[in-house]
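> Sharing a sequence plus its predicted fold:
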Amino acid sequence: MSPVMLPGGPDPESILVVEDDIELRYALVQTLSTICRSVRTASSLAEARRECALKAPDVMLLDLGLPDGDGADLLRLLRGLSDVPIIVLSERTDEEEKVALLDAGADDFLIKPCGEGELLDRVRAQIRRSVASTAARSWARIEAGGVVIDLIEQRVVRHGEPQRLTPTEWALLRALVLHPGRTLSARNLWDLVWGREFGDFAAHVRVHMTHLRRKVEPDPSVPRLIVTEPGLGYRFVGPS
Ligand code: CA
């Protein structure tokens, strides 16, 4: 099965499934392979540690009851080293234990057995969050050609003049900046910024893009931060 493009976020490049139940592991791999080229597996804590040492995954699914120990121990160990999203696979639903696992650094839970749709939704949500936070860290402040964009302070200064962006313009700018280098179609932007409503999304995006560019581009007549990919959409290039 070939990986499919997901709306609203990139596909994970590598997923690690830590689960000792052979049938469940197989089912998870089958489902996850539809969105990811490299789904690796481990059936014990020792194997999981080895796989992590070889290459950090983009997302990890972690069973708690493993033959050589408790998955929660691996969770605590990894949390001291990395912020890879970790989704705990659990049969237990005890609230107290959930809180303890969240404290230990779990990003989400899946109660076994879970449906394919729910599994993919949760993995996608973690990827989106992780991409957004990584990108936000590296692109929190952008300076190019006399324009300063500060996403955290929500401030844009263009040739010395503070710019007032509408909430929609901020959302549009964030959507672009948080997917650096990726061409987003008008439909993608419509989904990210406006949600899935009906309307003439292409025209809507075009109008707001024009307004946004007047405020953030050093020279709006020759966009260089947000470039148009003819027939495809818009791409945030960032300062080069
Ligand atoms: Ca188990």
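Nice, I can see it. Owing to the predicted nature of the structure, the values given are computational and were not obtained by experimental measurement.
> use CA for all of it now, contacts and neighbours both
Will do.
> For the helix or strand containing residue 25, which helices and strands make contact with it?
Following DSSP states H and E, one finds residue 25 within helix 22-32. Here helix 22-32 touches strand 14-18, strand 38-42, helix 116-139, going by 3 or more C-alpha pairs under 8 Å, 6 or more residues apart in numbering; DSSP states H and E.
> and whatever helix or strand comes next after the second one, does that touch the ion?
Moving toward the C-terminus from strand 38-42, the next helix or strand (DSSP H and E) is helix 45-54. No - with C-alpha under 5 Å from the ion as the measure, helix 45-54 is seen stopping short of the ion, the closest distance being 10.9 Å.
> got the CA coordinates for helix 45-54 in CSV?
Taking C-alpha atoms only, helix 45-54 is exported to CSV below (Å, rounded to 0.1, in the frame of the first residue of the first chain):
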residue,chain,number,x,y,z
LEU,A,45,11.6,-2.9,26.5
ALA,A,46,15.1,-4.0,25.5
GLU,A,47,14.2,-4.1,21.8
ALA,A,48,12.5,-0.7,22.1
ARG,A,49,15.5,0.9,23.6
ARG,A,50,17.7,-0.6,20.8
GLU,A,51,15.3,0.7,18.1
CYS,A,52,15.3,4.2,19.7
ALA,A,53,19.1,4.2,19.9
LEU,A,54,19.3,3.3,16.2
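> Give me the buried positions along that helix.
For helix 45-54, a neighbour-count test (16 or more other C-alpha atoms under 10 Å) marks 45, 48, 51 as buried.
> Make a markdown table from those and add pLDDT and distance to residue 90 to it.
Formatted as a markdown table, those follow (pLDDT from 0 to 100; distance: C-alpha to C-alpha, whole Å):
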| residue | pLDDT | distance to residue 90 |
| --- | --- | --- |
| 45 | 94 | 16 |
| 48 | 94 | 17 |
| 51 | 90 | 21 |
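> circling back: so which bits of the helix holding residue 25 are buried?
Under 16+ other C-alpha under 10 Å, the buried positions of helix 22-32 are 25, 28, 29, 31, 32.
> which residues sit in contact with the first one?
Okay, so that is residue 25. 17, 18, 19, 41 (C-alpha atoms under 8 Å, 6 or more residues apart in numbering).
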